[in-house]
Structure formats: structure tokens, C-alpha cells
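Colleague: Show me the folded form of this:
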Amino acid sequence: MLIDVTSQVDAPTLLHALTPQTLLLATDSSALHIYDLRDSSTSIQSKPSQTHHPHDDYISSISPIPASDTSTSGFPKQWASIGGSTLAITDLRRGVLVKSEDQEEELTSSLFVSGLKAGGTSKGEKLLVGGAGGVITLWERGVWDDQDERIIIDRGGQAIESIAPVPEGVGGAGFQGQQKIVAVGLEDGKIRFVKLGVNKVVHQLDVKHDDVEGVIALDFDIAGRMVSGGGQIVKVWHEAKGLPGGARNGASKHMLGSDSDSGEADRSSEEEEKGEKSKRRKRKRGKGKDRSGGQQVMGFKGLD
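Modeller: Here you go, the predicted structure:
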């Protein structure tokens with residue numbers, strides 16, 4: 001199926017595969033289009049099967065809500081979206097179900113986490129929402145009117161651009177245990193690690209992803225290596241051999257290709273070209289030169 005969005009003024013901002021047959025396409029005007037790949041009549045001129053407007057501002061993050069135990073397909077049919085200063089829950093069948101109160105700050109990232117310790121009214125499933133003020137708020141599943149916990153990630157107010165779960169077995173002895181760890185990418189290029197349950201920052205990388213650009217993308221690959229992205233750089237953080245306890249990681253850097261090399265990746269780990277200042281998420285950022293230089297190091301030791 002081909003989807004033509006180039007002829008429309010409303011530019012796409014986010015694409016997410018909700019199921020193998022369902023694509024969610026968010027746009028700059030806050031529209032959320034649903035495309036069903038099973039529709040055999042779909043062509044380049046086709047329209048989405050559904051369109052919703054869960055927010056008044058552009059959508060910056062989408063997090064699927066896992067299917068319930070009674071689901072026959074096992075695929076999520078609901079998702080949480082972040083737009084402007086609100087959180088919304090939308091159902092594939094019933095549309096927008098609920099929208100939170102105005103949180104009075106820009107919400108920038110989200111991640112759904114299950115398997116947390118249950119107790120009282122908590123079911124052990126929460127949505128983590130990063131904000132522009134350096135705070136992660138936790139929202140209990142099914143209680144979407146307002147947040148119930150807060151974790152201060154950066155007291156200087158750096159925006160939380162990305163959140164990713166740290167896989168089990170990654171990070172050495174300090175990262176093991178029943179409590180979950182998430183990696184958090186900040187606007188100033190720093191990457192910090194947060195232990196849920198005690199709800200506190202337990203570690204920060206000694207080296208930034210970049211001295212100028214924020215960490216707008218963060219995840220772990222199948223081998224447990226952390227991948228960070230921001231600006232014109234993608235960095236792959238891997239465990240370095242020969243270090244005590246295997247508790248330190250190194251990172252290789254790949255600069256994204258420019259017009260001069262027809263999109264081929266520039267694998268130089270020493271230099272990157274200066275880019276012009278660009279606007280992203282309505283905040284201007286300068287393209288700068290990577291001044292970290294050489295091998296990157298990530299330590300996971302001593303995080304008990």
C-alpha cells in the first residue's frame with residue numbers, strides 16, 4: 001500500500017505500527033489517521049479508514065496499551081498519545097475515550113511499563129510521560145484523569161526527549177533485580193538511568209550523546225546494545241571487553257549521510273559537518289560539532 005502525504009500541507013510527524021495490519025499516522029495539526037493494510041482497495045489516493053483528533057497540538061509520542069488477558073488477537077487496540085500538554089487514550093473501535101487535564105507543560109515522550117510491583121490501587125502497569133521541565137510523571141493504567149507519581153530527572157529543567165526500557169541482563173549486576181530500569185534521553189544530550197519502584201535516577205553516562213543535540217531516540221537492539229539518536233548522529237553503545245566485571249560499555253558513532261554523499265552513512269567517528277540551525281518540535285536547536293571525540297564509555301557498575 002502506498003500512502004501519499006506529500007501533497008498535503010499537514011505534514012506527518014509520527015508513524016507507528018499498532019498491529020501488523022494497522023498503521024497510525026500523526027500529523028502536525030494533531031490529526032491521528034488510522035490506515036488498515038487489509039483494505040485491498042487502498043491506493044495512492046486512498047483516505048484513512050479513521051481519523052481522530054485527541055489533542056489540540058501536534059502529537060509527539062504514541063504508546064500502545066497492551067491487550068487484556070481476554071483478547072483473542074493479542075494485539076493492542078488502545079494507545080496513549082501525547083500532544084501539547086495533554087495525554088489521551090484512543091480506542092481503535094470507539095475513538096477517543098479520555099483526555100487528561102492540561103498538565104501546564106509540554107509533554108514530550110512516553111513509555112508503557114508493566115510488571116511493576118502491585119499493591120493497593122496499583123495494578124503494576126503504568127505509563128511514563130516525560131515533560132519539557134525535566135520530570136517524568138507516572139500514570140496508573142485505567143486512571144487517566146491525572147498523574148499519581150513524579151520522578152525528577154533533571155533539576156535544571158532539561159526536557160525529556162526519549163524513554164526506553166533496559167532489557168533484563170543488560171548493565172551488569174547493578175541493573176539486575178525485580179525493579180525495572182529505564183534509560184532516559186535528555187535535551188542536552190545526557191543519558192540517565194532510572195530505577196522504577198524507588199523512583200530515582202541511579203546512573204548517568206560520563207559522556208553525552210552529543211554536546212549540542214538532544215537524545216530524541218533511544219532504544220536497545222536484540223543484542224542488548226543501546227542505540228541513541230539525535231541531530232545528525234546515531235550512536236551504538238556496546239559492552240567493552242577487558243574491563244572489570246564487564247560493567248562498562250563503549251559506543252561507536254555513525255553520522256547520517258548528507259546531500260553530498262547521496263544518503264550513504266558517513267562512518268567517521270572523529271568529525272561531523274556543521275549543519276544549519278533547524279526547528280524541531282517548535283524549539284530551535286543549533287547543529288554543532290561533536291566534541292566528545294574518541295571511544296565513548298558507559299558504566300553500569302555499582303547501581304545497587
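Colleague: can we go C-alpha only for contacts and neighbour counts from here?
Modeller: OK.
Colleague: quick one: contacts for Gln204?
Modeller: Residues near Gln204 by C-alpha atoms under 8 Å, 6 or more residues apart in numbering: Lys190, Ile191, Arg192, Phe193.
Colleague: can you list these in TSV and add neighbour count, pLDDT and distance to Met226?
Modeller: Shown next, in TSV, are the contacts of Gln204 (neighbours: other C-alpha atoms under 10 Å; pLDDT from 0 to 100; distance: C-alpha to C-alpha, whole Å):
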residue	neighbour count	pLDDT	distance to Met226
Lys190	22	95	14
Ile191	25	95	11
Arg192	20	95	12
Phe193	24	94	12
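Colleague: residues near Ser68, how many?
Modeller: 12 (other C-alpha atoms under 10 Å).
Colleague: quick one on the thing from earlier: mark which of the contacts of Gln204 are part of strands, please.
Modeller: Ile191, Arg192, Phe193 (DSSP state E).
Colleague: now, among those residues, which is nearest to Ser63?
Modeller: Taking C-alpha to C-alpha as the measure, Ser63 sits nearest to Phe193 out of the ones in strands among the contacts of Gln204, at 19.8 Å.
Colleague: Please name the nearest non-neighbouring residue to the closest one.
Modeller: Ala183 (4.6 Å; C-alpha to C-alpha, 6 or more residues apart in numbering).
Colleague: correct me, but that neighbour touches Ala164?
Modeller: Yes: contact criterion C-alpha atoms under 8 Å: Ala183 and Ala164 qualify, at 5.2 Å.
Colleague: Overlap of the contact sets of the two?
Modeller: Taking C-alpha under 8 Å, 6+ apart as the contact rule, Ala183 and Ala164 both touch Leu218.
Colleague: So Val227, which state does it fall into?
Modeller: Using DSSP: H, G, I helix; E, B strand; the rest coil, the structure places Val227 in strand.
Colleague: burial measure for it, as a count.
Modeller: 19.
Colleague: again with His33
Modeller: Neighbours of His33 (other C-alpha under 10 Å): 19.
Colleague: Val207 now?
Modeller: Neighbour count for Val207, taken as other C-alpha under 10 Å: 17.
Colleague: what residues are up against Val194?
Modeller: For Val194, the contact set (C-alpha under 8 Å, 6+ apart) comprises Ile181, Val182, Ala183, Val184, Lys200, Val201, Val202, His203.
Colleague: For Gly134, state which of those is nearest.
Modeller: Gly134 has its nearest neighbour among those in Val184, at 10.3 Å by C-alpha to C-alpha.
Colleague: Could you check how far that closest one is from Gly197?
Modeller: According to C-alpha to C-alpha, to the nearest Å, Val184 stands 16 Å off from Gly197.
Colleague: quick one, which of those two is more surrounded?
Modeller: Neighbour tally, Val184 and Gly197, criterion other C-alpha under 10 Å: the higher count belongs to Val184, 28 against 13.
Colleague: Surely that one forms part of a strand?
Modeller: Yes: secondary structure of Val184 (three-state DSSP): part of a strand.
Colleague: partner residues bridging it?
Modeller: Ile163, Arg192 (DSSP bridges).
Colleague: tell me the contacts of it?
Modeller: Ile160, Glu161, Ser162, Ile163, Ala164, Ile191, Arg192, Phe193, Val194, Leu218.
Colleague: tell me, how many neighbours does the fifth one end up with?
Modeller: Using other C-alpha under 10 Å, the number of residues around Ala164 comes to 21.
Colleague: For it, which residues are in contact?
Modeller: Leu111, Val182, Ala183, Val184, Leu218, Asp219, Phe220.
Colleague: how about a cut-off of 10 Å?
Modeller: 109-113, 181-185, 193, 217-220, 226 (C-alpha atoms under 10 Å, 6 or more residues apart in numbering).
Colleague: swap in the last one?
Modeller: By C-alpha under 10 Å, 6+ apart, Leu218 lies in contact with 161-165, 183-185, 191, 226-230, 234-235.
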